[in-house]
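Asks: Sequence and predicted structure are below.
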Amino acid sequence: MRPARAPEAEPDPDPTADQATKDAMSSPTTDSPAHSASTASTLITNIAALVTNDPSLGDGSPLGLIRDAALVIDGQRVAWTGERSKAPATDNRVDAGGRAVLPGFVDSHSHLVFAGDRTAEFNARMSGRAYSAGGIRTTVAATRAATDEELEANLTRYLREALRQGTTTFETKSGYGLTVEDEARALRIAARHTDEVTYLGAHIVSPDHAEDPAAYVDLVTGEMLDACAPYARWIDVFCEKGAFDGDQARAILTAGKARGLHPRIHANQLSHGPGVQLAVELDAASADHCTHLTDADVDALAHSRTVATLLPGAEFSTRAVWPDARRLLDAGVTVALSTDCNPGSSFTSSVPFCVALAVRDMRMTPDEAVWSATAGGARALRRDDIGRLAPGAYADLLLLDAPSHVHLAYRPGVPLVTGVWRRGVREV
Ligand SMILES: [Zn+2]
């Protein structure tokens, strides 16, 4: 794994739009000076419930829940967690006021490099028309017509929105360019904001190749891959009727692996299909959506290290059947929860909203949903330096205006995130 870069959290000699955004967001509400934590130790104390996601800590549950807790940040990392009464001395001190602290959300699936708007499509769909993969073409046309500056401004806007709701790590994909130049520029822009960049030239067959999908697969695995690989860590494919079949998906992901990209797959979203089995066969980090699964699919996931990433915003926004998280969890599958934020089928950047949906409609417990939105997302990105709050992990964490993480599901739609630290720096 490449060492994680923290472009938003480190001093940048060249002021950029993103830096300006970060500065604009810095509105400290406690005695912790903004942007000072990276050079000093900070104690966050009087935490009613601290979710560490380290089962060796606290109550021994998967959440590693510590009551009446404290946490020490030293530089970009967590230096100590434990009971408040045992906390060591530090330079700075933040009183959490009897609230809950948990790891920052790890949104391991989003599509944020785009232009345009699909309000009319959503409105029509909510009036009775079914969702199909074809709506992506609307966004492709708008994205191709946008300038680099417009795409980056749009991306930055949604990142700020997500950060305010507690997302400290996000993955994002190309997939709305579908030409060599447009895919490469989407990834180049995304790579300025995150290390978790995914090449999704195989989102749909480009409208330019509608009569010859095989030629498009050749492009995606050839010249386009060559142009995109330098900016990406991951390769993804939408394996679905109307997009790419199992053989095409295998060819695309195998070509990506040969170029050093690691696979993840849009699998089994709209119908049964080969995506999940292919994900396991290729050791994909995650199979995403997983709404229509056979028993064999569930069994394959359970006996692999491929994470099932569930994206309830998509089912909400398309009035589709919910993925059955309970079935996956009971079989022993590792489950992640993410937003799938995109302008067509899931236009939410809110992980708390997805947690509430997962508990209400996907039969997850509140503890499971919180774990999946933090540690689960980290697993889906094959990361162990985020998604948990134990010594050595990045100090990416959020403060809820509530005494327990359970409130994320108990109080749906309420903006509970009241503080966000990323790489040890308070940003919200
Ligand atoms: Zn997606």
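Replies: Structure's in. What do you need? Numbering: from 1, shown residues only.
Asks: Identify the residue nearest the geometric centre of the protein.
Replies: Most central in the chain under Cα atoms, centre = their mean is residue 107, positioned 1.6 Å from the mean C-alpha point.
Asks: all strands of the stretch 201-350 of the chain, in order?
Replies: 234-239, 262-267, 286-289, 307-310, 335-337 (DSSP state E, counting those that start in this stretch).
Asks: pLDDT weak spots in the stretch 151-300 of the chain?
Replies: Scanning the stretch 151-300 of the chain for pLDDT under 70 picks out no residues.
Asks: OK, contacts around residue 189?
Replies: Shown in contact with residue 189 (Cβ atoms under 8 Å, 6 or more residues apart in numbering): 113, 148, 151, 152, 155. In short, each C-beta sits where N, CA and C put it, glycine included.
Asks: got a list of what the residue nearest to the centre of the chain touches?
Replies: So residue 107 contacts 162, 167, 169, 170, 171, 338, 339, 341, 349, 351, 377 (Cβ under 8 Å, 6+ apart).
Asks: you'd agree the first one is up against residue 348?
Replies: No. Under the criterion of Cβ atoms under 8 Å, residue 162 is not in contact with residue 348, lying 9.6 Å apart.
Asks: Show me the common contact partners of those two, please.
Replies: Listed contacts common to residue 162 and residue 348 are 339, 341; contacts here mean Cβ under 8 Å, 6+ apart.
Asks: Need the pLDDT of the residue nearest to the centre of the chain.
Replies: The model reports residue 107 with a pLDDT of 98.
Asks: ok, now residue 134?
Replies: On pLDDT, residue 134 comes in at 58.
Asks: circling back to that earlier point, for the contacts of residue 107, give me a markdown table that also has distance to residue 364 and neighbour count.
Replies: Below are the contacts of residue 107 laid out as a markdown table (distance: Cβ to Cβ, whole Å; neighbours: other Cβ atoms under 10 Å):
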| residue | distance to residue 364 | neighbour count |
| --- | --- | --- |
| 162 | 21 | 23 |
| 167 | 19 | 30 |
| 169 | 21 | 27 |
| 170 | 21 | 27 |
| 171 | 21 | 28 |
| 338 | 14 | 30 |
| 339 | 16 | 30 |
| 341 | 20 | 28 |
| 349 | 20 | 24 |
| 351 | 13 | 31 |
| 377 | 14 | 32 |
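Asks: all helices of the stretch 101-250 of the chain, in order?
Replies: For the stretch 101-250 of the chain, the helices defined by DSSP state H, counting those that start in this stretch occupy 119-125, 136-145, 148-164, 180-191, 213-221, 223-228, 246-258.
Asks: sec struct for residue 90, please.
Replies: coil (DSSP: H, G, I helix; E, B strand; the rest coil).
Asks: And the pLDDT for it?
Replies: Looking at residue 90, the pLDDT reads 95.
Asks: Quick check: it vs residue 413, distance?
Replies: Separation of residue 90 from residue 413 (Cβ to Cβ, to the nearest Å) stands at 36 Å.
Asks: neighbour-wise, which of the two wins?
Replies: Legend: neighbour count by other Cβ atoms under 10 Å for residue 90 and residue 413, higher for residue 90 (19 against 9).
Asks: circling back to that earlier point, for the contacts of residue 107, give me TSV that also has distance to residue 319.
Replies: Shown next, in TSV, are the contacts of residue 107 (distance: Cβ to Cβ, whole Å):
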residue	distance to residue 319
162	24
167	25
169	30
170	26
171	26
338	20
339	17
341	18
349	20
351	21
377	25
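Asks: which of these lies closest to residue 284?
Replies: residue 171 (13.4 Å; Cβ to Cβ).
Asks: what residues are up against that closest one?
Replies: Residue 171 neighbours (Cβ under 8 Å, 6+ apart): 107, 108, 109, 110, 194, 196, 197, 198, 234, 338, 381.
Asks: how close does the fourth one get to residue 136?
Replies: Think residue 110. Distance, residue 110 to residue 136, by Cβ to Cβ: 15 Å.
Asks: show me the contacts for residue 154.
Replies: 112, 113, 114, 115, 146.
Asks: Quick check: it vs residue 229, distance?
Replies: From residue 154 to residue 229 the distance is 24 Å (Cβ to Cβ).
Asks: try residue 116
Replies: Applying Cβ to Cβ, the value for residue 116 to residue 229 is 27 Å.
Asks: on that earlier part again, tell me which of the strands of the stretch 201-350 of the chain lies nearest to residue 102.
Replies: Closest approach to residue 102 among the strands of the stretch 201-350 of the chain (Cβ to Cβ): strand 335-337, 13.4 Å.
Asks: Which SSE is immediately downstream of that closest one?
Replies: helix 351-361 (DSSP states H and E).
Asks: which helices and strands does that following helix pack with?
Replies: If contacts are counted by 3 or more Cβ pairs under 8 Å, 6 or more residues apart in numbering; DSSP states H and E, helix 351-361 sits against strand 105-107, helix 312-318, strand 335-337, helix 366-371, helix 407-410.
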